[in-house]
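**Q** I would like to see how this sequence folds:
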Amino acid sequence: MRRAWNPFVLTAVLAAPQSAPAAQAPPVEDQAPLEQGLELVELRVTSSRPRIALVDRGSSDGLALQDRVTFRARDGRAFEGVVSELQERTAVVLLDDPSAVLAAGTKGEARVPSSRFARSEAPAAQPAPVPALPWRNRDEEWTQGEPLLARVRAVRPNERAARITGRWYAIGDVLGSSEGPRSDLFLRAGAGATYENPFGDGGVLHVDGEANWRRIEVPDADDDEGTRLRLDRLSYTWGGTRFDATRVEAGRFLQHAVPEFGVLDGVEWSRRLAGGSAFGASFGFLPEPDAEQSTLDDVQMAIFGRWVADESETCTATAGFQKTFHDLAADRDLVVAKLELVPRDAWTLRGTVWIDLYGATDAAKGAGIEVTQAIVDTGRRWSDGTALNLAYVHRAFPEIERDEFLPVTDAQLANDHVERVALRGTKPLARTWRANVDLGAWIDEDDDGADGELGFVFDDVLVEGGGLELAGFADKGRFTSSVGGRCSIGRTRGASGWHLDYEFARHLFEGFGSANNELPQHRLRASWDWSTASGWSCSAHVEGQVFDDETGYTAGFYLQRSF
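**A** The predicted structure follows:
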């Protein structure tokens with residue numbers, strides 16, 4: 001871990017949208033077993049702002065108001081929310097975390113009753129009476145108590161017609177400031193597709209790629225311009241359906257069983273047992289997590305197992321071990337352990353732990369074990385809308401040779417860490433308004449501090465579908481502190497919505513003279529979202545900032561077409 005790369009690339013990699021599935025719910029026959037009477041609806045974020053996520057699924061895909069939705073970030077964190085507004089092809093999810101802003105393309109899922117997918121047919125016109133004829137019931141094999149379709153044979157994946165679903169998208173952002181002729185223009189265009197049963201074997205082909213263009217202009221002669229092509233996924237999957245308990249995926253893909261192990265150029269095999277538990281292994285190369293995505297430098301092999309208490313999957317535990325080699329030399333020994341308890345109408349618990357195993361050659365850490373990352377989240381939501389959530393996060397640098405982080409010294413490897421505890425709560429105070437509270441405390445190798453926010457959200461303000469949020473916040477560290485407030489107003493109606501946000505913050509710095517110890521900041525943001533029943537989604541935003549005597553601006557758009 002001695003080479004550096006631009007931190008902007010990491011943001012682009014983590015925020016890059018992954019390919020979205022089609023708007024239709026996946027065929028029931030192809031899904032792995034879930035709790036009886038429930039189906040899995042996969043969805044993607046098309047745009048978001050603090051605590052609000054617009055997704056590309058709606059009532060026609062099986063969603064309903066008050067459905068719980070779980071979004072999963074690539075770093076292992078899970079964000080939960082509830083469907084607060086619903087259209088035929090889109091929905092608004094109110095996140096439990098008031099400060100969460102999900103990147104466009106973030107994947108989510110909801111479990112909904114199977115009955116929502118039952119076809120409703122208008123009663124057929126009664127035919128004219130016909131003379132009674134002798135008739136014989138030929139359902140001799142059907143017995144009393146069996147479902148009426150018990151003897152009907154389901155269509156297997158390899159018997160279905162080939163089908164392509166997916167999306168294409170375009171994203172643009174421009175940033176500028178009054179500090180000289182400084183600007184940053186970033187354009188992205190990509191597409192993702194899923195080709196079901198292309199070769200008649202029931203498999204699925206996944207393709208997801210993107211082209212990035214960026215131009216940076218600065219006052220000196222260090223302007224930069226470049227274009228990069230990314231291949232985020234090109235893989236083929238066999239099995240993993242209710243007809244085939246063995247799942248195999250080969251190509252480039254984010255590992256399915258333990259995504260914390262990263263993107264793989266190789267193969268992953270898993271086997272589902274009768275009760276829903278599974279085990280498997282993977283082998284291949286790890287592409288660098290940067291714009292170039294160079295491969296062949298890091299080899300990995302991994303094994304994993306997943307235990308489920310029953311087919312409802314309300315209690316699961318996963319453990320995996322990954323061994324990596326950098327330039328053919330032994331590098332990282334990593335254990336990932338996960339636990340999920342998600343019962344209905346009760347407290348939930350999610351935890352993910354990364355444990356690094358070190359040997360005598362790891363000079364900065366020394367032989368032993370270290371928890372290099374841990375995320376634990378517990379919470380509950382009551383029927384009246386009250387919600388409470390407690391989260392703990394720990395992060396430290398692992399000692400590895402693979403290029404995943406900025407270069408740091410041995411002292412930083414040994415000592416740098418951050419711990420954070422956050423408490424979030426929501427309480428409805430009346431039918432149309434509620435209070436949000438967010439409290440947190442953190443500590444690292446040099447500093448410690450705390451932060452808090454109190455806000456009130458009002459529904460149906462000014463017009464039907466309108467919303468107003470008023471919030472105040474403050475934070476305190478050893479060397480800096482700030483206090484401020486935010487006002488947000490907007491409206492979502494039908495397939496479109498708009499929002500206007502204003503925020504003021506006063507930042508104070510310790511150890512500076514009276515002329516330099518205070519920095520006021522004003523921020524004004526406007527955004528607009530729109531979608532159609534034919535699969536188009538669009539969002540646009542513009543933002544201006546004033547820092548004392550300097551100004552800055554950002555503007556951007558997101559355009560998506562699902563097919």
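
**Q** State the number of residues packed around the residue nearest to Val45 when sequence neighbours are not counted.
**A** Spatial nearest neighbour of Val45, chain neighbours left out: Thr106 (4.4 Å); criterion: Cβ to Cβ, 6 or more residues apart in numbering. C-betas here are computed from N, CA, C, even on glycine. Using other Cβ atoms under 10 Å, Thr106 is surrounded by 23 other residues.

**Q** Phi first, then psi, for Thr106.
**A** The phi/psi pair for Thr106 (degrees, to the nearest 10) reads phi -60, psi 130.

**Q** Distance of it relative to Glu543?
**A** For Thr106, the distance to Glu543 equals 20 Å [Cβ to Cβ, to the nearest Å].

**Q** Just grab the bridge partners of Ala391 for me.
**A** When assigned by DSSP bridges, Ala391 has beta-bridge partners Asp377, Ala422.

**Q** and it, what does it touch?
**A** Neighbour list for Ala391: Ile375, Val376, Asp377, Thr378, Arg420, Val421, Ala422, Arg424 [criterion: Cβ atoms under 8 Å, 6 or more residues apart in numbering].

**Q** Pull out the buried residues from these.
**A** Buried members of those, scored by 16 or more other Cβ atoms under 10 Å, are Ile375, Val376, Asp377, Arg420, Val421, Ala422, Arg424.

**Q** What are the buried residues along the helix or strand hosting Leu468?
**A** For Leu468, the host element (DSSP states H and E) is strand 466-476. Buried residues in strand 466-476, counted by 16+ other Cβ under 10 Å: Gly467, Leu468, Glu469, Ala471, Phe473, Ala474, Asp475.

**Q** Can you tell me which of these is nearest Ala411?
**A** Nearest to Ala411 among the buried residues of strand 466-476: Asp475, at 27.3 Å, using Cβ to Cβ.

**Q** what's the spacing between that closest one and Glu88?
**A** Distance of Asp475 to Glu88, given as Cβ to Cβ: 41 Å.

**Q** same thing with Ser496?
**A** For Ser496, the distance to Glu88 (Cβ to Cβ) stands at 13 Å.

**Q** picking that back up, which strands and helices sit next to the strand holding Leu468?
**A** Here strand 466-476 touches strand 448-459, strand 480-493, going by 3 or more Cβ pairs under 8 Å, 6 or more residues apart in numbering; DSSP states H and E.

**Q** how about those strands, which one is nearest Ala274?
**A** Checked against Cβ to Cβ, the stretch from the helices and strands packed on strand 466-476 lying closest is strand 480-493, at 45.1 Å.

**Q** So what are the sheet partners of the closest one and their directions?
**A** strand 466-476 (antiparallel), strand 496-509 (antiparallel).

**Q** any chance of these in CSV, plus distance to Gly276?
**A** As requested, those are exported to CSV (distance: least, Cβ to Cβ, whole Å):
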stretch, distance to Gly276
strand 466-476, 41
strand 496-509, 39
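
**Q** wait, what's in contact with the residue lying closest to Val437 once chain neighbours are set aside?
**A** Leaving aside its chain neighbours, Val437 sits nearest to Gly425 (4.6 Å; criterion: Cβ to Cβ, 6+ apart). Gly425 makes contact with Thr386, Ala387, Leu388, Asn389, Asn436, Val437, Asp438 under the criterion Cβ under 8 Å, 6+ apart.

**Q** Gly425 belongs to a strand?
**A** Yes: using DSSP: H, G, I helix; E, B strand; the rest coil, the secondary structure at Gly425 is a strand.

**Q** And the next helix or strand past the worst-scoring helix or strand of the chain on mean pLDDT?
**A** Least confident element among the helices and strands of the chain, by mean pLDDT, DSSP states H and E: helix 7-15 (a mean of 34). For helix 7-15, the succeeding helix or strand toward the C-terminus, using DSSP H and E, is strand 38-49.

**Q** So in that sheet, which strands flank that following strand, and in what orientation?
**A** strand 52-55 (antiparallel), strand 107-113 (antiparallel).

**Q** State which strand of the chain is the longest.
**A** Secondary structure of the chain per DSSP state E: the longest strand is strand 224-241.
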